[in-house]
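J.: next input, structure requested:
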Amino acid sequence: MKKISLDKIRNIGIIAHIDAGKTTTTERILYYTGKTYKLGEVHEGTATMDWMVQEQERGITITSAATTCIWRDISINVIDTPGHVDFTIEVERSLKVLDGAVVIFCAVGGVEPQSETVWRQADRYEVPRIAFVNKMDRTGSDFFQVIKQIHKRLGANAAAIQLPFGKESDFAGLIDLIDKKLTFYTDDMGKEFEDRPLPPELHGDVEKYRTILIEKLAEVDDKIMEDYLQGKEISAQEIKETIRRTVIANKFVPVLCGSAFKNKGIQLVLDAVCDYLPSPVDLPPIKGTNPDSGDFEEITASEEAPFCAFCFKVATDPFVGKLNYIRVYSGVLNSGSYIYNATKRERERVAKIVKMHANHQEIVESVSCGDIAAAVGLKETKTGDTLCTQENHILIEAMRFPEPVIQQAVEPKSKDAQEKLGMALHKLEDEDPSFKVIYNQETGQTLIAGMGQLHLEVIIDRILREFKVEAQVGQPQVAYRETLTKKVSSVGKFISQSGGRGQYGHVVLEMEPQEVPGTGITFEDKIKSGAIPREFIPSVKQGVMGAAKSGVLANYPVTDVKVTLVDGSFHEVDSSELAFQMAASIGFTEGLRKARPILMEPIMDIEIIVPEEYMGQVIGDLSARRAKISSLSQRHNLRTVRASVPLAEIFNYATSLRSLTQGRASYTMEPSHYAQVPSHIAEKIITGLAGTSTRRT
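T.: So this is what the prediction gives:
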């Protein structure tokens, strides 16, 4: 296999709102780079990257799929990600390991809710990106309106580097603002195109938007600013070099346009990926910490450096077992070698290394710096673990996973299926960190929790079909939380004497609400002068965390509480780890009772696109569902309603919306935050009278 130099590698992700055309664009990329010889279509269920049965049936991407292709002697590792909010973890883990991203926007829909979510995720990981405005052939497409929304909603310094030639059904090519030329497509497959001189009537528009491009670059680049102010002619080469420099520095976003479905503009997107997005050597070194000293260290992108990689995904393969997707940041990994999992502090053996093309595997002898591949044979490694050499161990910062907002009960139909169900759930939990399995001690139920109804629907479908487990499922339920509303001090004492050695544990805890919502439970030790020996402190923390799994109002998990251990006492003979764990659990529960606990519910951000004549019915229905309208806007001949609404009120909303609007409205929804449940509804939930969507679990 020919060795590719680091500066000739691009690791990119395709990210966007649902139905913006990510998978269709990826299919065209594979076709034009010669990776596939037939165009796959999402609506026909033949897309290469949508290989799961569930994806093909629904026409959506569920799991991120990786592949590698070559364009202009540059190796491009592409990850196609889902757009549906229920599978946002797939975008999160992909962005963690990528060097750049192509963000796709629909030319009709513009910047939609999930577009904002993936943009914020890319901001968090500081991923350089280019924008591609897709579906320019659609009725109602508006390239310049999308750029305005990118400025306003995303706060991005973006400018067009292309203009569409022709509008809607007459869209026929692209105008290059940098080289001042027209790319005209001459066949339906998009393989045949020619560069033509600009028609005279377009010169005015080209100069206008080329000047806007230079002004946007001048805002973030001193050299261009100086030349622009002095009135110097700025060459096409200078503009390209500046775009590359500012994109890598995350200061500028070039905007391209086209139509993936009509096979127009994809080759120019590939050119932009090669010209403007960074290679591994263009980016700053990855930061990590030494697990022994806690000191910050840097990982240099080089094959000569010690091996270091990050596991960003785990998948189950029916033939080879567990696949650990890894991004190699430095060094070389050979098949059959031993590596060190710095997160788990375990030695692991790599039995086999494969390069992935969706669900197809190509066995390779080794992978090196900059590569994305999958390792077979790792037993203990999970998503978020750092892999390295035992002599040079380092920890790369792990990812943050969203909290599940919805749950439902699942149970096997027979005793024989019990073990199979447990194994299936364990494998699925390994694969998807946003999916949780909870065993409820009180009811004896197994609960599965996820990011939305579709998420759990797909999980259950996989349990039945992929793992062949016969199971029954209950109705989806809201994942409520409990928290406290005031600062309290509480005492926890555990004393047991029943002949022989006794048990003694005594703690004093201070409990208060977290300043920042969504922080979860934090534990701080402020013990002075050895009131409790150091070896018992971890047991106190363990007791607090265990007690937080079940609140005092309706047994829902407790969140957003800061717990500080301030005092306590011990007995020379009778004190033990178990005694302090029990004391902490008692102290936490008592403190929760005193601190005016409240019930919290997940709130969803919802955007509804509805024809004008149905606006009144939709808003009236939202008001009845306890929604708070945040904005109303016009989008062509449609109205857009944005609101926040409790998840408990929005189950099966698609059916209600269809009946209200004769099937003409659509909506998208994503988790926003937790908020207090109104007291009259909380009372019903606590006493178990709130119906199926709010049953105590």
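J.: going by C-alpha atoms from here, please, whenever you check contacts or count neighbours.
T.: OK.
J.: where in the stretch 551-697 of the chain is pLDDT low?
T.: Flagging of the stretch 551-697 of the chain using pLDDT under 70 yields the residue ranges 636, 689-697.
J.: quick check: longest helix of the protein.
T.: The helix that spans the most residues within the chain, counting by DSSP state H, is helix 577-594.
J.: and that helix, what other elements does it pack with?
T.: strand 488-496, strand 503-513, helix 537-547 (3 or more CA pairs under 8 Å, 6 or more residues apart in numbering; DSSP states H and E).
J.: got JSON lines for those, with mean neighbour count, mean pLDDT and distance to residue 79 too?
T.: Formatted as JSON lines, the helices and strands packed on helix 577-594 follow (neighbours: other CA atoms under 10 Å; pLDDT from 0 to 100; distance: least, CA to CA, whole Å):
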{"stretch": "strand 488-496", "mean neighbour count": "19", "mean pLDDT": "93", "distance to residue 79": "49"}
{"stretch": "strand 503-513", "mean neighbour count": "23", "mean pLDDT": "94", "distance to residue 79": "40"}
{"stretch": "helix 537-547", "mean neighbour count": "21", "mean pLDDT": "94", "distance to residue 79": "37"}
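J.: centre-most residue in this protein?
T.: residue 92 (2.7 Å; CA atoms, centre = their mean).
J.: any idea how far that one is from residue 399?
T.: From residue 92 across to residue 399, the span is 8 Å (CA to CA, to the nearest Å).
J.: who touches the residue lying closest to residue 327 once chain neighbours are set aside in this structure?
T.: Distances taken as CA to CA, 6 or more residues apart in numbering put residue 372 closest to residue 327, at 4.6 Å, once the chain neighbours are dropped. By CA atoms under 8 Å, 6 or more residues apart in numbering, the contact set of residue 372 is 77, 325, 326, 327, 328, 355.
J.: pretty sure residue 83 contacts residue 112?
T.: No: Residue 83 is beyond contact range of residue 112, at 10.8 Å (criterion: CA atoms under 8 Å).
J.: between those two, which is the more surrounded one?
T.: The residue with more neighbours, out of residue 83 and residue 112, is residue 83; 29 against 18, by other CA atoms under 10 Å.
J.: quick revisit: for the longest helix of the chain, buried residues please.
T.: Buried residues in helix 577-594, counting neighbours by 16 or more other CA atoms under 10 Å, are found at 577-592.
J.: and for stretch 185-205?
T.: 185, 190.
J.: counting contacts, what elements does the helix or strand where residue 246 lies pack onto?
T.: In the assignment (DSSP states H and E), residue 246 maps to helix 236-248. If contacts are counted by 3+ CA pairs under 8 Å, 6+ apart, helix 236-248 sits against helix 203-218, strand 253-257, helix 266-276.
J.: just the CA atoms of the strand ranked longest in the chain, as CSV, please.
T.: Ranked by residue count, the top strand of the chain under DSSP state E comes out as strand 598-611. The C-alpha coordinates for strand 598-611 follow below in CSV (Å, rounded to 0.1, in the frame of the first residue of the first chain):
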residue,chain,number,x,y,z
ILE,A,598,-38.5,19.6,43.4
LEU,A,599,-39.2,17.5,40.3
MET,A,600,-37.4,18.5,37.0
GLU,A,601,-38.6,17.6,33.5
PRO,A,602,-36.7,17.7,30.1
ILE,A,603,-37.7,20.7,28.0
MET,A,604,-37.4,20.4,24.2
ASP,A,605,-36.7,23.1,21.6
ILE,A,606,-39.1,22.7,18.8
GLU,A,607,-39.3,24.4,15.4
ILE,A,608,-42.5,24.0,13.3
ILE,A,609,-42.8,25.1,9.7
VAL,A,610,-46.5,25.6,8.9
PRO,A,611,-48.7,27.2,6.2
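J.: following element in sequence after it, please.
T.: From strand 598-611, the next helix or strand downstream (DSSP H and E) is helix 615-624.
J.: packing partners for whatever helix or strand comes next after that next one?
T.: Per DSSP H and E, the first helix or strand lying C-terminal to helix 615-624 is strand 628-635. In terms of contact count using 3+ CA pairs under 8 Å, 6+ apart, strand 628-635 is assigned the packing partners strand 638-646.
J.: direction included, what does the strand it packs on pair against?
T.: strand 598-611 (antiparallel), strand 628-635 (antiparallel) (DSSP bridges).
J.: tell me which of those strands sits most buried.
T.: Of all those, strand 598-611 has the most neighbours on average by mean count of other CA atoms under 10 Å, namely a mean of 21.
J.: now do that one against helix 615-624, angle only.
T.: Relative orientation of strand 598-611 and helix 615-624, computed by axes from the mean of the first three to the mean of the last three CA atoms, to 10 degrees: 170 degrees.
J.: next, the angle from strand 598-611 to helix 577-594.
T.: Using the same axes, to 10 degrees: strand 598-611 against helix 577-594 is 60 degrees.
J.: now the helices and strands packed on helix 236-248 as TSV including mean pLDDT?
T.: Below are the helices and strands packed on helix 236-248 laid out as TSV (pLDDT from 0 to 100):
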stretch	mean pLDDT
helix 203-218	95
strand 253-257	97
helix 266-276	96
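J.: so what sits opposite residue 633 in the bridge?
T.: residue 640.
J.: right, and it touches residue 641 too?
T.: Yes: using CA under 8 Å, residue 633 is in contact with residue 641, at 6.7 Å.
J.: from residue 472, how far off is residue 417?
T.: Counting by CA to CA, the gap from residue 417 to residue 472 is 11 Å.
J.: who's more crowded, the two?
T.: The neighbour count for residue 417 versus residue 472, taken as other CA under 10 Å, is higher for residue 417 (16 against 13).
J.: report how many residues lie close to the closest residue to the more buried one other than its chain neighbours.
T.: By the measure of CA to CA, 6+ apart, the closest residue to residue 417 outside its immediate chain neighbours is residue 469, 6.1 Å from it. Look at residue 469: counted by other CA under 10 Å, it has 24 neighbours.
J.: surely residue 469 meets residue 412?
T.: Yes: here residue 469 reaches residue 412: they are 7.5 Å apart, a contact under CA under 8 Å.
J.: give me the common contacts of the two.
T.: By CA under 8 Å, 6+ apart, the residues touching both residue 469 and residue 412 are residue 421.
J.: so where's the stretch 401-550 of the chain uncertain?
T.: 440-444, 498-500.
J.: and with 80 instead?
T.: Filtered on pLDDT under 80, the stretch 401-550 of the chain yields the residue ranges 402-403, 405, 439-445, 475-476, 497-501, 529.
J.: over to the stretch 101-250 of the chain?
T.: For the stretch 101-250 of the chain (pLDDT under 80), the answer is 113, 188-190.
J.: for the stretch 351-500 of the chain, what spans make up the helices?
T.: For the stretch 351-500 of the chain, the helices defined by DSSP state H, counting those that start in this stretch occupy 416-431, 453-465.
J.: between the ones you listed, which one is nearest to residue 378?
T.: Closest to residue 378 of those, according to CA to CA: helix 416-431, at 12.7 Å.
J.: now that closest one, how far from the centre of its chain.
T.: Counting by CA atoms, centre = their mean, to the nearest Å, helix 416-431 is centred 24 Å from the centre of its parent chain.
J.: neighbouring contacts of that helix?
T.: Against helix 416-431 from outside (CA under 8 Å, 6+ apart): 313-316, 382-383, 411-412, 435-437, 459, 463, 467, 469-471.
J.: and the angle for it with helix 453-465?
T.: Going by the same axes, to 10 degrees, helix 416-431 makes 130 degrees with helix 453-465.
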